[in-house]
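1. please find the sequence and the predicted model below.
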Amino acid sequence: MDFGMSVALSKRFQGGKAFGLLKARQGRRLEEINREFLCDQKYSDEENLEEKLTAFKEKYMEFDLNNEGEIDLMSLKRMMEKLGVPKTHLEMKKIISEVTGGVSDTISYRDFVNMMLGKRSAVLKLVMMFEGKANESAPKPVGPPPERDIASLP
């Protein structure tokens, strides 16, 4: 393995103190962006803006798997699977294009917040909104699935 490959791997799979420092730096960058949204007159009438931005930041950081401040295709795939709505590769490319306006292959935090606060109903926005409601209303069953016979299948 050459030096460049080992640096790339160590950057991708960090843990411990280095990972904590990286996440803290990312958190500060996202917090700066949140402050910009709080000062933006366009969002002055948005209810509970500060709380929403804090929730968006936490969710974004959870799914920014490469810790580079961008949600790429694989991160989006993992996000959708975790939210219980797996999508095909083409569907995810369409979601990214919809969120970024077709100018990028990754979703920046600004794009993410603009989508979540925007008036348009992006697919990702709908999934993110309903994820919280679904978790509150329907607890997941535990244990093995119930036995079914042929007659009970759809």
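-> That came in fine, so what should we check first? Remember, predicted model here, so these are calculated numbers, not experimental data. Numbers count the residues shown, from 1 in each chain.

2. just the buried residues of the helix or strand Glu51 falls within, please?
-> Per DSSP states H and E: Glu51 is located in helix 49-63. Residues of helix 49-63 classed as buried: 49, 52-53, 56-57, 59-60, 63 (neighbour count, 16 or more other CB atoms under 10 Å). C-beta: built from backbone N, CA, C; applies to glycine.

3. alpha carbons only: can I get it in PDB?
-> The C-alpha coordinates for helix 49-63 follow below in PDB (Å, rounded to 0.1, in the frame of the first residue of the first chain):
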ATOM      1  CA  LEU A  49     -35.700  28.400  13.600                       C
ATOM      2  CA  GLU A  50     -32.900  27.900  16.100                       C
ATOM      3  CA  GLU A  51     -34.300  24.500  17.300                       C
ATOM      4  CA  LYS A  52     -34.800  23.400  13.700                       C
ATOM      5  CA  LEU A  53     -31.300  24.400  12.700                       C
ATOM      6  CA  THR A  54     -29.800  22.500  15.700                       C
ATOM      7  CA  ALA A  55     -31.800  19.400  14.700                       C
ATOM      8  CA  PHE A  56     -30.700  19.700  11.100                       C
ATOM      9  CA  LYS A  57     -27.100  20.000  12.200                       C
ATOM     10  CA  GLU A  58     -27.300  16.800  14.300                       C
ATOM     11  CA  LYS A  59     -29.000  14.900  11.500                       C
ATOM     12  CA  TYR A  60     -26.500  16.100   8.900                       C
ATOM     13  CA  MET A  61     -23.500  15.200  11.000                       C
ATOM     14  CA  GLU A  62     -24.900  11.800  11.600                       C
ATOM     15  CA  PHE A  63     -25.100  11.000   7.900                       C
END
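
4. for that helix, enumerate the helices and strands it packs against.
-> The contact analysis (3 or more CB pairs under 8 Å, 6 or more residues apart in numbering; DSSP states H and E) places helix 49-63 against helix 16-39, helix 73-82, helix 109-117.

5. which one of the buried residues of helix 49-63 is nearest Ile95?
-> Phe63 (12.7 Å; CB to CB).

6. and stretch 144-151, how far out from the chain middle?
-> Averaging C-alpha positions (CA atoms, centre = their mean, to the nearest Å) puts stretch 144-151 35 Å from its chain's average.

7. what is the rounded mean pLDDT of that stretch?
-> Per-residue pLDDT over stretch 144-151 has a mean of 74.

8. got it, and stretch 90-98?
-> For stretch 90-98, the mean per-residue pLDDT is 87.
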